[in-house]
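In: Here is my input, please return the structure:
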Amino acid sequence: MSKSQSNEEQWVAAQRKLVEEYLFREKVDHCGVGEWPAFHVHPHVALWAVQSKRTPGAIGWWAISGDLPTDYISSNDGRHPREALRAISQHWREVSDFMLRGEDHPDVRIGTPDQWPKLGDLLRRRAQILQEYADDDGMWQRIERTRSDD
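Out: Okay, here's the model as predicted:
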């Protein structure tokens, strides 16, 4: 194993633990987080499938971690990792719009009103990056080829 593979595996393990702790704090009742991200760009972002407790074997949620806010969404917002990235991106753009207007979002609180200009801009930029990943056909073709080689 090369040093870069070792670093990546350590990063993935740390991100998985972060997601598990986050879901516990958020009281998400699930049957486990995937052993390996469904999508990741080391060391920036990892998207995790979270198994449903109501329907074992099915994805109930998607969780995201990395150099961005740790968050989760229902799998109803996307059954494929690419769809999940788009849904998270869209949600974060919506939240950032509220923050940048200086308004409370009805469901999400990030920081304090005096921090919203900076945090809203940062969240908007992260949302844009996720959208770019989701829109990159070449990236998804490489992922599919890699999975079919395994």
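In: Spatially central, which residue of the chain would that be?
Out: In the chain, the residue lying closest to the centroid (Cα atoms, centre = their mean) is Ile64, at 2.0 Å.
In: Quick check: the residue nearest to Tyr22 when sequence neighbours are not counted vs Arg145, distance?
Out: Among residues not flanking Tyr22 along the chain, Thr70 sits closest, at 4.6 Å (Cβ to Cβ, 6 or more residues apart in numbering). The C-beta positions use only the backbone N, C-alpha and C, and glycine is treated the same way. Separation of Thr70 from Arg145 (Cβ to Cβ, to the nearest Å): 29 Å.
In: Neighbour count: these two, which is higher?
Out: Thr70 (18 against 9; other Cβ atoms under 10 Å).
In: need the contact list for that one.
Out: By Cβ atoms under 8 Å, 6 or more residues apart in numbering, the residues touching Thr70 are Leu18, Val19, Tyr22, Ala63, Ile64.
In: looking at these, which has the most residues close by?
Out: The most crowded member of these, judged by other Cβ under 10 Å, is Ala63 (29 neighbours).
In: what are the phi and psi values for the residue nearest to the centre of the chain?
Out: With angles defined as degrees, to the nearest 10, Ile64 sits at phi -130, psi 140.
In: what about it, distance to Tyr133?
Out: With Cβ to Cβ as the criterion, Ile64 and Tyr133 are 11 Å apart.
In: Between the two, which contacts overlap?
Out: What both Ile64 and Tyr133 touch, as defined by Cβ under 8 Å, 6+ apart, is the set Val45.
In: by contact count, what packs against the longest helix anywhere in the chain?
Out: Criterion DSSP state H: the longest helix present in the chain is helix 3-25. Secondary-structure packing of helix 3-25 (3 or more Cβ pairs under 8 Å, 6 or more residues apart in numbering; DSSP states H and E): strand 30-33, strand 45-52, strand 59-66.
In: Which of those sits closest to Leu85?
Out: strand 45-52 (6.4 Å; Cβ to Cβ).
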